[in-house]
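Participant: my questions concern the predicted model and sequence given below.
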Amino acid sequence: MAGAIGVALGFRLADPIVGLAIAVVNLRIVWTSAKEIGLRILDGIEPEVIEAIRHEAGQSPGVQSVGEVRALGRA
């Protein structure tokens with residue numbers, strides 16, 4: 001709509017500019033989705049989960065420090 005309105009008001013480049021903006025938004029959505037799908041395919045774990053594990057392990061009695069934390073994805 002913004003492109004059509006811009007062209008109707010005499011701004012001929014409104015339609016291509018809006019088209020490029022839509023393409024950029026679409027590419028961002030595809031990139032984000034591809035990262036999520038790739039993470040799931042490779043049994044990846046979200047960084048928030050790793051941090052939660054690190055925090056909980058650090059709160060356990062007798063634990064002085066927590067080094068590297070690893071986790072496996074769901075089977």
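Facilitator: Received it, and whenever you're ready, just let me know what you need. Numbers count the residues shown, from 1 in each chain.

Participant: what count of nearby residues applies to the closest residue to Glu46 other than its chain neighbours?
Facilitator: Of all residues not flanking Glu46 in the chain, Leu39 sits nearest, at 7.6 Å (CB to CB, 6 or more residues apart in numbering). All C-beta spots, glycine's among them, are computed from the backbone N, C-alpha and C. Using other CB atoms under 10 Å, Leu39 has 13 other residues around it.

Participant: tell me which element Leu39 is part of?
Facilitator: Using DSSP states H and E, the element containing Leu39 is helix 14-41.

Participant: need the next SSE after that helix, C-terminal direction.
Facilitator: Next helix or strand after helix 14-41 toward the C-terminus (DSSP H and E): helix 47-58.

Participant: helices or strands up against the helix or strand that contains Val7?
Facilitator: If you go by DSSP H and E, Val7 is part of helix 2-8. Here helix 2-8 touches helix 14-41, going by 3 or more CB pairs under 8 Å, 6 or more residues apart in numbering; DSSP states H and E.

Participant: identify each buried residue in the helix it packs on, please.
Facilitator: For helix 14-41, a neighbour-count test (16 or more other CB atoms under 10 Å) marks Ala14, Val18 as buried.

Participant: what packs against that helix?
Facilitator: Using 3+ CB pairs under 8 Å, 6+ apart, helix 14-41 sits against helix 2-8.

Participant: next one: the helix it packs on to chain centre, how far?
Facilitator: Taking CA atoms, centre = their mean, to the nearest Å, one finds helix 2-8 lying 32 Å from the centre of the chain it belongs to.

Participant: quick one, domains of this structure?
Facilitator: Using automatic domain parsing, the domain ranges for the chain come out as 2-42, 45-75.

Participant: export the ones you listed to TSV and tack on mean pLDDT?
Facilitator: TSV is the format used below for the domains of the chain (pLDDT from 0 to 100):
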stretch	mean pLDDT
domain 2-42	89
domain 45-75	83
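
Participant: would you mind measuring from Gly67 to Arg54?
Facilitator: Gly67 is 9 Å from Arg54, where distance means CB to CB, to the nearest Å.
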